[in-house]
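> structure here, sequence nowhere to be found:
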Ligand SMILES: [Zn+2]
């Protein structure tokens with residue numbers, strides 16, 4: 001079940017670009033109205049230290065993620081929590097620039113001549129926050145912390161609370177059929193995220 005067809009915005013979310021709509025991408029706020037959007041690559045607060053997206057970048061996801069994100073967000077909402085999105089659809093040229101900075105395929109996917117994962121809008125980087133106060137959950141590391149403590153099931157160097165906070169996120173996402181990447185607690189794949197597809201050339205704003 002999708003909340004809308006591509007390109008049809010809900011009341012306060014402007015329609016996505018015609019190119020994004022044609023690619024089946026939707027603005028995540030159309031799917032998760034209370035989502036907090038904190039696209040780190042639209043700022044210099046990311047591992048490259050460089051702003052890689054325009055400041056008005058949006059969190060675009062493929063419509064196939066919509067049912068799962070709806071379920072995950074509801075699970076968290078019942079606990080007074082909201083999903084926070086750090087990255088969503090990622091244009092191919094940005095992937096290329098990231099790999100130039102961190103040329104380690106364990107941490108940054110090697111650019112290919114096809115699109116999958118973030119490049120096809122089928123993966124998201126998320127955490128959660130308190131819906132009322134906005135406090136981010138303590139997961140033991142920040143976003144793009146390229147150390148073993150970022151492994152989804154890491155326990156070394158983490159408190160029991162941090163381990164349990166990660167599990168809460170994984171369980172909510174799993175309820176929606178979204179699976180965590182073992183190497184990064186914040187990265188989740190939707191259906192078909194691993195399948196190679198033609199490279200999209202779609203604006204992220
Ligand atoms: Zn990711």
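Cool, the structure landed. Every value quoted in this text rests on a predicted model; they were computed, and no experiment measured them.

> which one is the residue of the chain found nearest the ion nearest to, not counting chain neighbours?
Going by CB to the ion, the ion is nearest to residue 187 of the chain, at 3.5 Å. C-beta coordinates here come from the backbone N, C-alpha and C atoms, glycine included. Counting by CB to CB, 6 or more residues apart in numbering, residue 187 lies nearest to residue 181, which is 4.0 Å off, once chain neighbours are set aside.

> my guess is the one you found contacts residue 193, does it?
No: contact status for residue 181 versus residue 193: not in contact, 9.3 Å apart, counting by CB atoms under 8 Å.

> between these two, who's got more neighbours?
Counted by other CB atoms under 10 Å, residue 181 and residue 193 do not tie: residue 193 has more neighbours, with 23 against 17.

> ramachandran coordinates for that one?
Note on residue 193: its backbone torsions stand at phi -60, psi -30 [degrees, to the nearest 10].

> and the residue lying closest to it once chain neighbours are set aside, what does it touch?
Taking CB to CB, 6+ apart, and ignoring the residues beside it in sequence, residue 193 has residue 122 as its nearest neighbour in space, at 3.9 Å. Residues counted as contacts of residue 122 (CB atoms under 8 Å, 6 or more residues apart in numbering) are 61, 62, 64, 65, 116, 189, 190, 191, 192, 193.

> buried stuff in the worst-scoring helix or strand of the chain on mean pLDDT?
Evaluated with mean pLDDT, DSSP states H and E, the helix-and-strand set of the chain has its lowest mean pLDDT in helix 92-101, which scores a mean of 91. Buried residues in helix 92-101, counted by 16 or more other CB atoms under 10 Å: 92, 94, 95, 97, 98, 99.
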